[in-house]
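Engineer: Give me coordinates for this.
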Amino acid sequence: MDQYQTLSLLNLAMIHNGIFTFAVFFILWVAFRMAVQVRGDLGTMMAKVLTTLFGLMIVMFGLQVFAGRAYSMATAAKSLSVIKASGQALSVQAESYLAGPYGTVPAELQFSLFSQPTGLILWALITIIFLGVIWLPVKKQLN
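Structural biologist: Next up is the predicted model:
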């Protein structure tokens, strides 16, 4: 595979990932709307449990989408570094990708849900907020 194919496949992977990211955040918005509906005394225990399971599945899917993006970027960096090591000259775009923040070449490619600490923190915060909306008691407002 040459560098043009590598960068083209990375571009396709990023488009694919962008569509899935949009879908995840749209479904997350729907889950938060559901959480508000079952908040406090408004929802039954069954509705709260099902909404919680739905939200946790969305968080898992979000972790997979973020991990897929990191894996695609690492795969592209590895492929470009192999092409460069074989003696071929890389284009300006390929060189700049390898010199950038996502151009770190991993020793071994491995798909991991926990490869990006910032993404992990984001999804942990989303999970805590989501569970808080559903399960924390609602304070009564004084009139």
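Engineer: C-alpha from now on. contacts and neighbour counts both.
Structural biologist: OK.
Engineer: Strands of the chain, start to end?
Structural biologist: With DSSP state E as the criterion, the chain has no strands.
Engineer: Mind giving me the packing neighbours of the lowest-mean-pLDDT helix or strand in it?
Structural biologist: Lowest on mean pLDDT, DSSP states H and E among the helices and strands of the chain sits helix 92-99, with a mean of 90. For helix 92-99, the packing partners by 3 or more Cα pairs under 8 Å, 6 or more residues apart in numbering; DSSP states H and E come out as helix 45-85.
Engineer: Can you name every helix or strand that the helix it packs on contacts?
Structural biologist: By 3+ Cα pairs under 8 Å, 6+ apart, helix 45-85 packs against helix 3-37, helix 92-99, helix 117-135.
Engineer: now the longest one against helix 92-99, angle please.
Structural biologist: Angle between the axes of helix 3-37 and helix 92-99 is 60 degrees (criterion: axes from the mean of the first three to the mean of the last three Cα atoms, to 10 degrees).
Engineer: can you give me the offset of helix 3-37 from its chain's centre?
Structural biologist: Counting by Cα atoms, centre = their mean, to the nearest Å, helix 3-37 is centred 8 Å from the centre of its parent chain.
Engineer: pLDDT weak spots in the protein?
Structural biologist: Across the chain, the ranges flagged by pLDDT under 70 are 143.
Engineer: Quick one: closest of the helices and strands packed on helix 45-85 to Tyr71.
Structural biologist: helix 3-37 (9.9 Å; Cα to Cα).
Engineer: re earlier: contacts for the least confident helix or strand of the chain next, please.
Structural biologist: Where contact means Cα atoms under 8 Å, 6 or more residues apart in numbering, the residues beyond helix 92-99 that reach it are 3, 7, 77, 80-81, 103-104.
Engineer: Now neighbour count and distance to Asn17 too, for those, in a markdown table please.
Structural biologist: Formatted as a markdown table, these follow (neighbours: other Cα atoms under 10 Å; distance: Cα to Cα, whole Å):
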| residue | neighbour count | distance to Asn17 |
| --- | --- | --- |
| Gln3 | 21 | 21 |
| Leu7 | 19 | 15 |
| Ala77 | 25 | 17 |
| Leu80 | 26 | 20 |
| Ser81 | 19 | 23 |
| Gly103 | 20 | 18 |
| Thr104 | 16 | 20 |
